[in-house]
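*Asks:* sequence and predicted structure below; questions after.
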There are 2 protein chains.
Amino acid sequence: MTTHPLAEQPISPDHIGLLEGLATTRSIRRYRDEPIPEQVLRDLSFAASRAPSGSNRQAFRLLFLTEGELADRAKALIARGAERVWSAKRTADGYDKGSGSHGDSPKGRMARAMDEHVANLSRVPALVFPVLLRHRASTPTEGASVYPAVQNLLLAARAQGYGGVLTMWHTTVETELRSLLKLPENGFLAATITLGKPVGGHGPVRRQPLSTFVFHNSWGSTPAWAVDPPGTHHTGTG
Amino acid sequence: MTTHPLAEQPISPDHIGLLEGLATTRSIRRYRDEPIPEQVLRDLSFAASRAPSGSNRQAFRLLFLTEGELADRAKALIARGAERVWSAKRTADGYDKGSGSHGDSPKGRMARAMDEHVANLSRVPALVFPVLLRHRASTPTEGASVYPAVQNLLLAARAQGYGGVLTMWHTTVETELRSLLKLPENGFLAATITLGKPVGGHGPVRRQPLSTFVFHNSWGSTPAWAVDPPGTHHTGTG
């Protein structure tokens, strides 16, 4: 049995620091039409493997779909699911009304980015399906055994000049997708992640101010220290 | 209204890279008896805020408990819950039998570390309770809106020389804890995180080999590139 050359290859060198990477990783929805090298897929998987999981059991699996008939069919199916979810959301959340109808508002920009993302899903360089193999009935906390790994994967993508987004595009097509991919019955399909090399520049991460969600020593008590560092961009939404 | 000095203070400088941080962050269960500075609490919260959440809604809250009567009572309660959970697990998973009874086996070391962790929980420097405010009935994927933030928080702790562990110690005492902390009814208590400055050295992160959980282009197909980088430590379990 020959060993794959990557077994001798350390993980890629770092270009950005840990705190900086945590602060600047954002959802990337537009990708160049380029395959993702095996070294990158390996390094992303390795980062995911380092995440904690219940009893260190690592009951999740990562299914990467890049090319071939099955991957193409899965991408087409996810594209269809995303169209459904996004068109419903576009209406429900009023993306076509108020500030959403102004192309230069944050909401309008978001709507355009989503339109393009959804339109291009069938050609995304990679889909990743994290699947948790349940050893007992579903519990609300089971996500603690898979989403930390998902976040590690997205952070590792950022480290290497790639990007992705954590979505639930599979929701409306899950039955068909599970059958297409032959997922096991006890496999909880935790997300649909799209991955690729980002197109163009992308804006800052926007979140609510720390004071809206950090409490200290009692529920509802906002500590004086819950202030964002200088230059932080906030969301307008609440 | 005076501004807190941290509002002018950038996040702390980085000492380790992003991929290195992802690869080396591990559960830390033994802490020095030292309070965690406000700058650290702020930087951890900031990193948590950067994580993705459903529709970027950031419906989670982070409750830090460090000192004071309520914090002390919560720590004591978590210690009690942990004793129950750990003693049941110690028996169920056979930590006192076979390799677990040998002090120098990985299982024996793990059992000792857990014994000590549980015995010291009432004096842990900080507890963090991530609470997701549900806007609809519980779904298996709701964890996607809170556990990425939890992972960012743990990674940010690593970046600053701190450490923590994601636990479910609250499980058996949740009713009492919710009442003590006055958590809202729609608040999903997603985890109990303990945090502090690590005591002593700690070993490598141990996981299963990539080949056990990475598939490419079809379920069950292990790609040749799914090989860990040189020097990776693996678990015996799984």
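*Replies:* In hand now; what should we look at?
*Asks:* contacts and neighbour counts: CA atoms only from here.
*Replies:* Fine.
*Asks:* pLDDT score for A:Ser99?
*Replies:* Predicted confidence (pLDDT) at A:Ser99: the value is 65.
*Asks:* so which helix or strand takes in the closest residue to A:Thr222 other than its chain neighbours?
*Replies:* Taking Cα to Cα, 6 or more residues apart in numbering or on different chains, and ignoring the residues beside it in sequence, A:Thr222 has A:Phe215 as its nearest neighbour in space, at 4.7 Å. A:Phe215 is part of strand A:214-216, with elements assigned from DSSP states H and E.
*Asks:* other SSEs contacting the longest strand along chain A?
*Replies:* Looking across chain A with DSSP state E, the single longest strand is strand A:126-133. For strand A:126-133, the packing partners by 3 or more Cα pairs under 8 Å, 6 or more residues apart in numbering or on different chains; DSSP states H and E come out as strand A:60-65, strand A:187-189, strand A:192-196.
*Asks:* and the closest residue to A:Arg26 other than its chain neighbours, how many neighbours?
*Replies:* Once flanking residues are discounted, A:Arg26 sits nearest to A:Val205: 5.7 Å by Cα to Cα, 6+ apart. Other residues near A:Val205 number 18, with proximity taken as other Cα atoms under 10 Å in any protein chain shown.
*Asks:* ok, now A:Thr139?
*Replies:* With neighbours defined by other Cα under 10 Å, the count for A:Thr139 comes to 11.
*Asks:* check contacts around it.
*Replies:* Applying Cα atoms under 8 Å, 6 or more residues apart in numbering or on different chains, one finds that A:Thr139 lies in contact with B:Pro140.
*Asks:* how much space separates it from A:Thr167?
*Replies:* Applying Cα to Cα, to the nearest Å, the value for A:Thr139 to A:Thr167 is 20 Å.
*Asks:* and if you look at A:Ala111?
*Replies:* As judged by Cα to Cα, A:Ala111 and A:Thr167 stand 15 Å apart.
*Asks:* A:Leu181 too?
*Replies:* According to Cα to Cα, A:Leu181 stands 18 Å off from A:Thr167.
*Asks:* more neighbours, the two?
*Replies:* Shown here are A:Leu181 and A:Thr167; by other Cα under 10 Å, A:Thr167 has more neighbours (19 against 16).
*Asks:* which helix in chain A has the most residues?
*Replies:* Longest helix in chain A by number of residues, with DSSP state H as the criterion: helix A:69-92.
*Asks:* touching chain B at all, it?
*Replies:* Yes. Applying Cα under 8 Å from any Cα of the partner chain, one finds that helix A:69-92 is in contact with chain B at A:Leu70, A:Ala71.
*Asks:* looking at chain A, which helix or strand is least sure?
*Replies:* Lowest mean confidence among the helices and strands of chain A (mean pLDDT, DSSP states H and E): helix A:106-119, at a mean of 88.
*Asks:* starting at the chain centroid, how far to it?
*Replies:* Taking Cα atoms, centre = their mean, to the nearest Å, one finds the center of helix A:106-119 at 16 Å from the center of the full chain.
*Asks:* spatially central residue in chain A, please.
*Replies:* Centroid check for chain A by Cα atoms, centre = their mean gives A:Leu166 as the closest residue, at 2.2 Å.
*Asks:* show me what the residue lying closest to that one once chain neighbours are set aside is bridged to.
*Replies:* Once flanking residues are discounted, A:Leu166 sits nearest to A:Ile193: 4.8 Å by Cα to Cα, 6+ apart. Beta-bridge pairing of A:Ile193, defined through DSSP bridges, involves A:Val128, A:Leu166.
*Asks:* pLDDT weak spots in chain A?
*Replies:* Low-confidence regions of chain A, defined here as pLDDT under 70, cover residues A:1-2, A:99-103, A:236-238.
*Asks:* pop the domain breakdown of it in here.
*Replies:* Under the assignment automatic domain parsing, the domains of chain A span A:15-203, A:206-238.
*Asks:* any idea which of those domains is most buried?
*Replies:* By mean neighbour count, with neighbours taken as mean count of other Cα atoms under 10 Å in any protein chain shown, domain A:15-203 ranks first of the domains of chain A at a mean of 19.
*Asks:* A:Leu189 contacts A:Pro130, correct?
*Replies:* Yes. A:Leu189 is in contact with A:Pro130 according to Cα atoms under 8 Å; the separation is 6.3 Å.
*Asks:* what's near enough to touch the residue nearest to the centre of chain A?
*Replies:* Taking Cα under 8 Å, 6+ apart, we find A:Leu166 in contact with A:Ser27, A:Ala191, A:Thr192, A:Ile193, A:Thr194, B:Pro52.
*Asks:* what distance do you get for it to A:Leu127?
*Replies:* 10 Å.
*Asks:* overlap in contacts, those two.
*Replies:* When Cα under 8 Å, 6+ apart defines a contact, the residues bordering A:Leu166 and A:Leu127 alike are A:Thr192, A:Ile193, A:Thr194.
*Asks:* sec struct for A:Ala137, please.
*Replies:* Of the three states, A:Ala137 takes coil under DSSP: H, G, I helix; E, B strand; the rest coil.
*Asks:* give the contact list for it.
*Replies:* For A:Ala137, the set of contacting residues under the criterion of Cα under 8 Å, 6+ apart is empty.
*Asks:* do the same with A:Leu63
*Replies:* Counting by Cα under 8 Å, 6+ apart, A:Leu63 makes contact with A:Val128, A:Phe129, A:Pro130, A:Val131, B:Val214, B:Phe215, B:His216, B:Asn217, B:Ser218, B:Trp219.
*Asks:* please apply the same query to A:Trp219.
*Replies:* Contact criterion Cα under 8 Å, 6+ apart gives B:Leu63, B:Leu181, B:Lys182, B:Leu183 as the residues in contact with A:Trp219.
*Asks:* all good on my end, thank you.
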